[in-house]
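>>> compute the structure for the input listed below.
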Amino acid sequence: MTKLQAEVRSNSVAKGKDAMVTEDELDNLAYLKAVVKETLRLHMPAPLLVPHLSMADCDIEGYTIPSGTRTIINAWALARDPSYWENAEEFMPERFMDGGSAAAIDYKGSDFLLLPFGTGRRICPGITFAISTIEIMLANLVYLFNWELPVELAEKGIDMTESFGVTVHRAEKLLLVPIVPQD
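Sure thing, here's the model as predicted:
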């Protein structure tokens with residue numbers, strides 16, 4: 001969070017208590033973009049993609065998939081597969097930065113490793129809106145506030161246990177205290 005706040009606060013043009021990060025400033029926030037990608041890799045909202053029907057017989061790594069078979073892609077498992085991701089269970093936004101092992105991977109599913117919005121004809125139509133909204137919201141939250149755990153949770157830390165279903169969400173609610181930074 002400290003690294004993200006430093007990037008956002010040093011690249012923001014507007015200053016003062018009413019200042020906010022604007023959409024124009026997002027292009028200069030490479031670490032912010034990497035944090036969003038890494039968050040969506042580890043904690044994508046929908047673990048299973050929309051079912052597909054195979055149109056022709058195909059062979060995938062020695063397994064024959066007959067024509068007419070309904071298939072469901074486990075995007076959650078792909079995003080955590082240690083044979084494709086170095087330290088797959090660790091939060092490492094740097095993997096998406098220039099020179100990182102996943103720098104060229106995007107959200108559009110062309111690599112089939114990061115599919116938080118699906119891929120192909122059934123990709124989420126709101127992908128552009130979602131990413132823009134997430135980036136601007138996160139940038140402003142870390143620009144305007146420092147974040148701390150409530151005193152009663154400070155010793156335990158954050159519980160990242162997930163609850164699975166049609167969507168994935170945290171089993172325990174995230175409680176944070178916003179602190180207005182003093183200049």
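>>> helix/strand/coil for the most centrally placed residue in the chain?
Residue closest to the average C-alpha location in the chain (CA atoms, centre = their mean): residue 40, at 1.9 Å. Classification of residue 40 by DSSP: H, G, I helix; E, B strand; the rest coil places it in helix.
>>> so what pLDDT did the closest residue to it other than its chain neighbours get?
What sits nearest to residue 40 in space, not counting adjacent residues and going by CB to CB, 6 or more residues apart in numbering, is residue 116, at 4.1 Å. For the C-beta atoms, the positions are set from N, CA and C on the backbone; glycine is no exception. Per-residue pLDDT puts residue 116 at 93.
>>> what helix or strand is residue 116 on?
Following DSSP states H and E, one finds residue 116 outside all helices and strands.
>>> burial count for it?
25 (other CB atoms under 10 Å).
>>> can you list phi and psi of residue 76 for me?
According to degrees, to the nearest 10, the main-chain angles of residue 76 amount to phi -60, psi -50.
>>> what is the neighbour count of the closest residue to it other than its chain neighbours?
Leaving aside its sequence neighbours, residue 76 sits nearest to residue 47 (CB to CB, 6+ apart; 3.6 Å). Using other CB under 10 Å, residue 47 has 20 neighbouring residues.
>>> residues contacting residue 146?
5, 178, 179, 180, 181 (CB atoms under 8 Å, 6 or more residues apart in numbering).
>>> likewise for residue 65?
54, 57, 58, 59, 71.
>>> try 7 Å
54, 57, 58, 71 (CB atoms under 7 Å, 6 or more residues apart in numbering).
>>> next structured bit after the lengthiest helix in the chain?
Determined from DSSP state H, the single longest helix within the chain is helix 127-144. Using DSSP H and E, the helix or strand that directly follows helix 127-144 along the chain is strand 146-148.
>>> who does that next one pair up with?
The strands beside strand 146-148 in its sheet (DSSP bridges) come out as strand 177-179 (antiparallel).
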